[in-house]
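Engineer: only the shape, not the letters, is given here:
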């Protein structure tokens with residue numbers, strides 16, 4: 001039995017007319033009122049402590065989730081960077097090969113054109129092979145010391161050779177066209193890979209982004225800046241306010257505002273303020289949550305003790321009233 005019932009003087013049968021017996025129940029009722037008020041106060045404090053603990057626990061879990069995500073993101077960013085470095089090496093090889101190929105095709109095109117030039121006569125240039133054959137046939141026909149049979153035999157050989165020359169000359173347009181098309185494609189490929197703004201440059205730009213090279217002139221994400229408004233645009237459209245920056249000190253209150261402490265790291269992620277401070281924030285949150293848990297547990301013990309006190313007192317009053325009514 002609780003302390004106030006250890007003195008059983010009030011519980012002893014003193015008779016209905018004994019004024020002390022009636023005062024006993026009044027004292028218990030007064031005690032019940034005091035205990036009830038105390039319990040209500042302790043219960044409210046317990047509820048408050050529990051709410052603070054649960055809020056802190058929720059914030060701790062959120063920080064833990066962010067910590068896991070930021071580290072996972074950092075690892076993935078490193079993987080992307082490694083793939084970009086490998087891709088860049090391959091692009092450089094293709095670039096070197098494409099430049100060599102373009103040079104070779106240019107030389108081949110010039111060589112092919114010079115070969116075909118040998119078959120044609122151009123103004124202010126030496127006579128071409130095609131016209132030389134015609135002149136040679138005329139010379140054979142003009143020979144006076146040769147018989148017609150000999151001339152016919154020679155002309156037959158010359159005409160066979162002439163037909164082959166004509167076939168080669170007819171191939172000029174098709175061959176040079178294919179060579180030019182191939183050279184064009186090789187040049188475009190070389191420019192697309194090696195030229196300014198080509199694939200190689202784009203990969204290097206991506207590398208600079210993931211390495212956090214500020215020379216790119218861009219900001220790839222960081223904490224939101226202060227409470228200043230964005231400048232109004234020319235169209236007069238409404239702009240969204242930037243969220244206030246969180247300094248990541250250990251003095252922030254619980255629970256924290258996730259709109260303020262927003263995970264917006266910049267590259268390289270492992271050098272960003274968010275990455276470097278999220279783990280320390282998590283440690284603070286864990287310690288604070290454990291402190292609030294202990295306070296809540298202690299507060300609950302006190303409120304449970306007060307509830308037990310209240311319950312016992314109610315039972316005692318009920319039993320005493322029943323005993324009194326039974327007389």
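Structural biologist: Yep, that arrived. Computed from a prediction, not measured in an experiment: that's the story for all the values here.
Engineer: quick one: mean pLDDT over the stretch of helix or strand residue 34 belongs to.
Structural biologist: Assessed by DSSP states H and E, residue 34 sits inside helix 19-117. What helix 19-117 shows for mean pLDDT is 89.
Engineer: any idea how far residue 275 is from the spatially most central residue of the chain?
Structural biologist: The residue at the geometric middle of the chain, judged as the C-alpha nearest the mean C-alpha position with C-alpha atoms, centre = their mean, is residue 73 (6.4 Å). In this structure, residue 73 and residue 275 are separated by 9 Å, where distance is defined by C-beta to C-beta, to the nearest Å. To be clear about C-beta, it is placed using only N, CA and C from the backbone, and glycine gets the same treatment.
Engineer: same question, residue 312
Structural biologist: 56 Å.
Engineer: how about residue 267?
Structural biologist: The span separating residue 267 from residue 275 equals 10 Å under the rule C-beta to C-beta.
Engineer: picking up where we left off before, centre of the chain to the helix holding residue 34, how far?
Structural biologist: Helix 19-117 has its average C-alpha position 10 Å from the chain's average C-alpha position, going by C-alpha atoms, centre = their mean, to the nearest Å.
Engineer: ditto for stretch 157-172
Structural biologist: Chain-centre distance of stretch 157-172: 67 Å, with C-alpha atoms, centre = their mean.
Engineer: now do the buried residues in that stretch.
Structural biologist: Across stretch 157-172, burial judged by 16 or more other C-beta atoms under 10 Å covers 162, 165, 168, 172.
Engineer: correct me, but the third one touches residue 112?
Structural biologist: No. Between residue 168 and residue 112 there is no contact, the gap being 11.5 Å when judged by C-beta atoms under 8 Å.
Engineer: helix, strand or coil for residue 267?
Structural biologist: Here residue 267 is recorded as coil under DSSP: H, G, I helix; E, B strand; the rest coil.
Engineer: show me what contacts the nearest residue to it once chain neighbours are set aside?
Structural biologist: Nearest residue to residue 267 in three dimensions, chain neighbours excluded: residue 212, at 4.4 Å (C-beta to C-beta, 6 or more residues apart in numbering). Shown here is residue 212, whose contacts under the criterion C-beta atoms under 8 Å, 6 or more residues apart in numbering are 220, 266, 267, 268, 271.
Engineer: if you set the cut-off to 7 Å instead, what comes out?
Structural biologist: By C-beta atoms under 7 Å, 6 or more residues apart in numbering, the contact list for residue 212 reads 266, 267, 268, 271.
Engineer: could I get these in JSON lines, plus columns for neighbour count and distance to residue 49?
Structural biologist: Output for the contacts of residue 212, formatted as JSON lines (neighbours: other C-beta atoms under 10 Å; distance: C-beta to C-beta, whole Å):
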{"residue": "266", "neighbour count": "18", "distance to residue 49": "39"}
{"residue": "267", "neighbour count": "19", "distance to residue 49": "42"}
{"residue": "268", "neighbour count": "18", "distance to residue 49": "42"}
{"residue": "271", "neighbour count": "13", "distance to residue 49": "40"}
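Engineer: save these as TSV, and put in distance to residue 184 too.
Structural biologist: What follows is the contacts of residue 212, written out as TSV (distance: C-beta to C-beta, whole Å):
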residue	distance to residue 184
266	43
267	39
268	41
271	46
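Engineer: from these, pick the one nearest residue 99.
Structural biologist: Of all the contacts of residue 212, residue 267 has the smallest distance to residue 99: 31.5 Å, by C-beta to C-beta.
Engineer: give me the phi and psi for that closest one.
Structural biologist: When quoted as degrees, to the nearest 10, the phi and psi of residue 267 stand at phi -80, psi 150.
Engineer: so it is in contact with residue 210, correct?
Structural biologist: Yes. At 5.2 Å, residue 267 and residue 210 qualify as touching, with contact defined as C-beta atoms under 7 Å.
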